[in-house]
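Peer 1: Please find the sequence and the predicted model below.
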Amino acid sequence: MNTEAKHILLAGGGTAGHVNPLLAVADAIAARDPEDASIITLGTAVGLEADLVPQAGYHLETIEKVPFPRRPNKAALQFPFKWKRETAKVRQLIEDEHIDVVVGFGGYASAPAYAAAHRMGVPIVIHEQNARAGMANKLGAKWATFIGTAYDGTGLKAGGEGEIERVGLPLRPAIAQLAGRMQTDRAQVRRDSARELGLDPDRPIIVVTGGSLGAVSLNRAVAQASGTLVRDAQIVHLTGKGKIDEVRELVAQHAGEQVLTGLGDDAQPGRDYHVAQYLERIDKAFGCADLVICRSGAGSVSELTALGLPAVYVPLPIGNGEQRFNAQPVVQAGGGLLVDDRDFTAGWVESHVPQLLADPQTLQDYGHNAWQYGIRDAADRMAQRILTIAGDARWCR
């Protein structure tokens, strides 16, 4: 082991929302300091990190999930023992690997990492991607040296001399690269992306996505409005896994089977309703979108604002309204529209979306305001802070 290197532990995972920022920051650290930065990641064996982290070329250590108990039950009784056992594993890892800084992104692995680092006097850095922070990051915040957030007003409070700053969401490489190209020549990016997907770059394009699992209410409302939409635009409808058949049936019923087609090699000229379950390179769809209709998860909102794309945000109507909080500041900045799930019907789509497409100045204003709100260098900002803190800690060893 190179004891002179900066040894950095990145902790987090569970969902793509935690794993993607972690990997973006890992790449930025490696790019900034390829010779002197040693990166280890910490997650669980059951989250997405178990696949995505090794695929990205980073070493993953795992601990068991230790969710905070929310009600008195068997899991609550087992919590103290599991917490002690897993935090002990992290302390051993920190000691064995001479970790200089622990960086958490939320999720099950972060809380034990924060607790272990605090007990050992190792600096803590946090990134919070949501407009309202989760329990793990609330725990770590009081001990953190630096907290980077995607939003203002997350509810996190840094303790002692800790700092907190809105740095944005570390972007996936494909989105970061797309943002750079769009900044240089947005019109050319739009033309190239449209042609790659089998679309006509000279006609408006609407992208509809509810994420990898899709969103039933979005799917139904847009598909039922398809007869109206195809008069004015091409639609790229990413239905989510297992939901494509219902969408195709609704489009056939409301607009006719003759409008249905696929994407890329599966696209047929003259057909304007392009349906797919999922698009691995969603940056291609974003690259040619004139309007996006989507949920308002933290990742989606941050990526669309980083790209300067006008959007209709329809928050998932569960939990404590987290998705609404994600979209609100963008909408308040003039970067799109916010529509309650119960209000997002075929009637709403038919009465609002064609009107938007017929008003290019409003779409342009939404896009400009979204771009102004968005942040495109979050990964590098976080990497710079982490390396500085790790370097200071190394010299104090």
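Peer 2: On my side now, so go ahead.

Peer 1: alpha carbons only for contacts and neighbour counts from here, please
Peer 2: OK.

Peer 1: Let me see the backbone angles for A24.
Peer 2: Main-chain dihedrals, A24, degrees, to the nearest 10: phi -60, psi -40.

Peer 1: shouldn't it be in contact with I175?
Peer 2: No: here A24 does not reach I175: they are 10.7 Å apart, not a contact under Cα atoms under 8 Å.

Peer 1: Now do the same for the most centrally placed residue in the chain: helix, strand or coil?
Peer 2: Central residue of the chain (Cα atoms, centre = their mean): G299, 2.0 Å from the mean position. Put simply, G299 is helix when judged by DSSP: H, G, I helix; E, B strand; the rest coil.

Peer 1: same thing with the one 4 residues further on?
Peer 2: Assigned with three-state DSSP, E303 falls in the helix class.

Peer 1: residue contacts, it?
Peer 2: L169, L171, I175, G374 (Cα atoms under 8 Å, 6 or more residues apart in numbering).

Peer 1: Sticking with I389, tell me its helix or strand.
Peer 2: Assigning secondary structure by DSSP states H and E places I389 in helix 378-396.

Peer 1: One more: G347?
Peer 2: helix 346-357.

Peer 1: buried set for that helix?
Peer 2: A346, V349, E350, V353, P354, L357 (16 or more other Cα atoms under 10 Å).

Peer 1: cool, and stretch 312-328?
Peer 2: Across stretch 312-328, burial judged by 16+ other Cα under 10 Å covers V312, Y313, V314, P315, L316, E322, Q323, R324, F325, N326, A327, Q328.

Peer 1: hmm, which two among the residues you listed are most spread apart?
Peer 2: The span of these, defined through Cα to Cα, is set by V312 and E322 at 16.5 Å.

Peer 1: ok so, going back, ok, the residue nearest to the centre of the chain to R342 distance?
Peer 2: 23 Å (Cα to Cα, to the nearest Å).

Peer 1: Where do the helices of the stretch 151-300 of the chain begin and end?
Peer 2: Using DSSP state H, counting those that start in this stretch, the helices of the stretch 151-300 of the chain run over 173-196, 216-224, 226-229, 244-255, 282-288, 298-307.

Peer 1: So for the helix or strand where L52 lies, what gets flagged as buried?
Peer 2: Per DSSP H and E: L52 is located in helix 49-55. For helix 49-55, the neighbour count (16+ other Cα under 10 Å) marks E49, A50, L52, V53 as buried.

Peer 1: export that helix as PDB, just CAs?
Peer 2: C-alpha atoms of helix 49-55 as PDB (Å, rounded to 0.1, in the frame of the first residue of the first chain):
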ATOM      1  CA  GLU A  49     -23.700  -0.800  -6.300                       C
ATOM      2  CA  ALA A  50     -22.900  -4.500  -6.200                       C
ATOM      3  CA  ASP A  51     -23.000  -4.500 -10.000                       C
ATOM      4  CA  LEU A  52     -22.300  -0.900 -11.000                       C
ATOM      5  CA  VAL A  53     -19.300  -0.200  -8.900                       C
ATOM      6  CA  PRO A  54     -17.100  -3.200 -10.100                       C
ATOM      7  CA  GLN A  55     -18.300  -2.500 -13.700                       C
END
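
Peer 1: Report the rounded mean pLDDT for that helix.
Peer 2: What helix 49-55 shows for mean pLDDT is 94.

Peer 1: List of residues touching it?
Peer 2: For helix 49-55, using Cα under 8 Å, 6+ apart, the contacting residues are G13, G14, T15, V19, L23, T41, G43, T44, H59, L60.

Peer 1: For A215, state which of the buried residues of stretch 312-328 is nearest.
Peer 2: L316 (8.5 Å).

Peer 1: mind checking the SS state of the closest one?
Peer 2: coil.

Peer 1: Now for it: which residues touch it?
Peer 2: By Cα under 8 Å, 6+ apart, the contact list for L316 reads R295, S296, Q323, R324, D341.

Peer 1: Show the model's pLDDT score for the last one.
Peer 2: Per-residue pLDDT puts D341 at 96.

Peer 1: Quick check: the closest residue to it other than its chain neighbours vs I293, distance?
Peer 2: Residue nearest to D341 in three dimensions, not counting chain neighbours: V314, with 5.6 Å by Cα to Cα, 6 or more residues apart in numbering. Using Cα to Cα, one gets 8 Å for the distance from V314 to I293.

Peer 1: Then L22?
Peer 2: 26 Å.

Peer 1: ok, these two, which is more surrounded?
Peer 2: L22 (28 against 21; other Cα atoms under 10 Å).

Peer 1: Export the helix or strand containing the more buried one to PDB, keeping only CA atoms.
Peer 2: Assigned by DSSP H and E, L22 belongs to helix 16-32. Only the C-alpha atoms of helix 16-32 are listed here, as PDB (Å, rounded to 0.1, in the frame of the first residue of the first chain):
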ATOM      1  CA  ALA A  16     -29.100   4.600  -8.900                       C
ATOM      2  CA  GLY A  17     -29.700   7.900  -7.300                       C
ATOM      3  CA  HIS A  18     -27.000   7.200  -4.700                       C
ATOM      4  CA  VAL A  19     -24.700   5.100  -6.900                       C
ATOM      5  CA  ASN A  20     -24.400   7.400 -10.000                       C
ATOM      6  CA  PRO A  21     -23.200  10.500  -8.000                       C
ATOM      7  CA  LEU A  22     -20.800   8.300  -6.100                       C
ATOM      8  CA  LEU A  23     -19.300   7.000  -9.400                       C
ATOM      9  CA  ALA A  24     -19.200  10.400 -10.900                       C
ATOM     10  CA  VAL A  25     -17.200  11.800  -8.000                       C
ATOM     11  CA  ALA A  26     -14.900   8.800  -8.000                       C
ATOM     12  CA  ASP A  27     -14.100   9.400 -11.700                       C
ATOM     13  CA  ALA A  28     -13.500  13.100 -11.000                       C
ATOM     14  CA  ILE A  29     -11.200  12.300  -8.100                       C
ATOM     15  CA  ALA A  30      -9.300   9.900 -10.300                       C
ATOM     16  CA  ALA A  31      -9.100  12.500 -13.100                       C
ATOM     17  CA  ARG A  32      -7.800  15.200 -10.800                       C
END
